[in-house]
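> pasting the structure only:
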């Protein structure tokens, strides 16, 4: 039996399947007779010594986590700085790990978390504390380096493609006397992966989405409006998908331009879709509707991609295996071995190569005119949204999502202001 | 074999299941050897003599309509006025019906459409033209009189409840360091049915949604903000569901107050959620996110309620039966015979009693404090979102939605400016 306890923590924005990863981690650790603590609210809980005793959760609850969105133990948006700048926090973290005999630290997040896990492993080595740190990938932004794709992205991508397809059918039916232009705002501040996924909603040149605005290309209002007008003239309506991160040629976020003052003189919260809708209505005089799905796109467990769920489970299982095998400072990443048929496997990659890097879309994924995706993008994206994995539903018509009891273990250390 | 042709038309905002009604109409008519024409873009197509020959569509397409959202033949937002004011259009309509030997007119829509169908039946009688007019209920607003509920509402209600539950799990995970308040904007300009359905997302007093804003109650900003603050203090975060139709005490729509000027001085398109989010951020200094699902909530066929789908099919089938039985100026309505177990049946009701009326929520459905639903509301709403009826998905991960060929029959009359 392996020695010591495993600490699992979630970090950053949650996804529809990060709890599936948690479920796989706990299931695999239980199979190997390893005790699992989960940090309450991510790294904050680790620093505050707020540690959930997952042995208090039933097997049924742990299984149900695999179909429950959100972050079951809580996550947080806290980034530790360098070892020098944040020395006190790193040392406190090590104190907490030591106090609870944690020998395996699994940090489930994006590139910031990979960086933190990497730094913790270095500090442990410096102090001669036997600790294996493993990063576990997660982000709907799909912007992690090395891995072919990121758990969480496929489901958000499927939500995006399906929602755009459905809304487009609605707009098509109404366009003759009502809405002519529909704008969908996709998440993705720096990379247009989710906006690109919307491209899977249609195939023919007249099928929605007709125009996709990527953060990788500068927003040119005149060109955009001219294209909207042209699509409406040809198709009868126009469905636009805009990444929240699009910028004008001067580098400013278009979303920030959208925020103005409301009729009380208060700051009006902006948004790309609302801004574009206003411009279309003002400049072209067309009736416009827009949607801001916001958190719905990353929590829609009811519309999870089977591929994504399988990968979220696989990285959780592999992370425990790597930890117990002493593969320190690694992350299980997804390696694509074939597009058609789609095949993938999990392999360990050094955290060093993932920490603090950001993967943007290859230029070859954006159509030459800048407003759509290429066949290469489609080949890459399509397998990621493939397959369905609906949650079980209750008699009340709502999915049977669980909330763990989250019983904290007794504190052993003095309080700490995290 | 019954004599003459049946004309089917869709009207007003489409839903996730109006095509299921269309599918049932065509299937039932085919079984009775009755030819079905479908008006292109609703009543406009009937006036313009743009009539789809549904016999050109395969049985597979007609079956697939039952799992396809939007309005397959097109809908429109056109309301005919009184027989006196709109005489020319009513007479043209009768000319078109006569030219194509239409003896059965099925109008699938809300209370406006019930009114139109009723008027057409009167005019036909006046001219001695043998025509049976049947209204077919449809609206996500659930505001039709007589019928216990409206096809289209249950699925939008399920979308609302599930989406709020999912987003709440996301917010709960992030609240410690990120979003504290989340605002969801539900459709419903005059009645809070969809906002009320969000109440099904949780049960306990601390479960989301914590506050629902109904159009039936005046929006009191000070009271609202105080409650948000209290919920955040107690629960850690607050999920708000606001109906787009909420008004302040002076009767003005809150959404209209939200529209201001953007940084270019252009009119900023408003919205209730964006407005409330701005107020919460400004007055309470809490981080806030909001969502405007817009058309996604009424086109989400992937999340249809089984009850709703069954009822959408049942009213379609019954409408054809009523038409062929000569039950003129009626509408098949849903009669609830039992809450638990939920039982319902279809009965004919006179269009006269449905036309131009609006059913608002019973006062007993809104909690005394004005911010939640009662047990009575729950008893009414819960069966309507019960059961799942997912569409088939393709290998590409997208539901297999169909677009009919929509081949128009040859015109027999001169053109008409509708």
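Yes, it's here. None of the values given here were measured: they were computed from a predicted structure.
> Low-confidence ranges, the stretch 301-418 of chain A, go.
Scanning the stretch 301-418 of chain A for pLDDT under 70 picks out nothing.
> Next: the stretch 1-150 of chain A.
In the stretch 1-150 of chain A the weaker segments, taking pLDDT under 70 as the threshold, are A:1.
> quick one, helices of it?
A:18-31, A:43-48, A:59-65, A:87-99, A:111-126 (DSSP state H, counting those that start in this stretch).
> okay if I get the ones you listed as CSV plus mean neighbour count and distance to residue B:45?
(Each C-beta comes from the backbone N, C-alpha and C, glycine too.) Shown next, in CSV, are those (neighbours: other CB atoms under 10 Å in any protein chain shown; distance: least, CB to CB, whole Å):
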stretch, mean neighbour count, distance to residue B:45
helix A:18-31, 25, 48
helix A:43-48, 24, 60
helix A:59-65, 17, 49
helix A:87-99, 18, 67
helix A:111-126, 22, 54
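> Minimum distance to residue A:202: which of those has it?
Comparing these by their distance to residue A:202 (CB to CB), the top pick is helix A:18-31, with 29.2 Å.
> which helices and strands sit right next to that closest one?
The contact analysis (3 or more CB pairs under 8 Å, 6 or more residues apart in numbering or on different chains; DSSP states H and E) places helix A:18-31 against strand A:5-10, strand A:36-39, helix A:59-65, strand A:102-109, helix A:306-324.
> And for the residue nearest to residue A:253 when sequence neighbours are not counted, the neighbour number?
Spatially, and ignoring its direct neighbours in sequence, residue A:253 is nearest to residue A:247 (5.5 Å; CB to CB, 6 or more residues apart in numbering or on different chains). Summarising burial for residue A:247: neighbours were counted as other CB atoms under 10 Å in any protein chain shown, giving 18.
> Kindly report the same for the one 4 residues further on.
For residue A:251, the count of nearby residues is 7 (other CB under 10 Å).
> And residue A:411, by the same measure?
By other CB under 10 Å, neighbour count at residue A:411 equals 14.
> Would you mind measuring from residue A:122 to chain B?
25 Å (CB to the nearest CB, to the nearest Å).
> Contacts only, for the residue nearest to that residue when sequence neighbours are not counted.
Spatial nearest neighbour of residue A:122, excluding adjacent residues (CB to CB, 6+ apart): residue A:83 at 6.9 Å. Going by CB atoms under 8 Å, 6 or more residues apart in numbering or on different chains, residue A:83 touches A:90, A:119, A:122-123.
> same thing but 10 Å
Residues near residue A:83 by CB atoms under 10 Å, 6 or more residues apart in numbering or on different chains: A:89-91, A:119-120, A:122-123, A:126.
> what separates the closest residue to residue A:29 other than its chain neighbours from chain B, distance-wise?
Closest residue to residue A:29 apart from its sequence neighbours, by CB to CB, 6+ apart: residue A:36 at 4.7 Å. Separation of residue A:36 from chain B (CB to the nearest CB): 18 Å.
> for residue A:23, same thing?
Distance from residue A:23 to chain B, by CB to the nearest CB: 14 Å.
> Check whether that residue really touches residue A:65, as I assumed.
Yes. Assessed by CB atoms under 10 Å, residue A:23 is found in contact with residue A:65 at 3.9 Å.
> what do those two both touch?
With CB under 10 Å, 6+ apart, residue A:23 and residue A:65 have common neighbours residue A:72.
> List the residues that contact the residue sitting furthest away from the middle of chain A.
Using CA atoms, centre = their mean, the residue of chain A lying farthest from its centre is residue A:177. It sits 38.0 Å away. By CB under 10 Å, 6+ apart, the residues touching residue A:177 are A:287, B:41-44, B:74-78, B:418.
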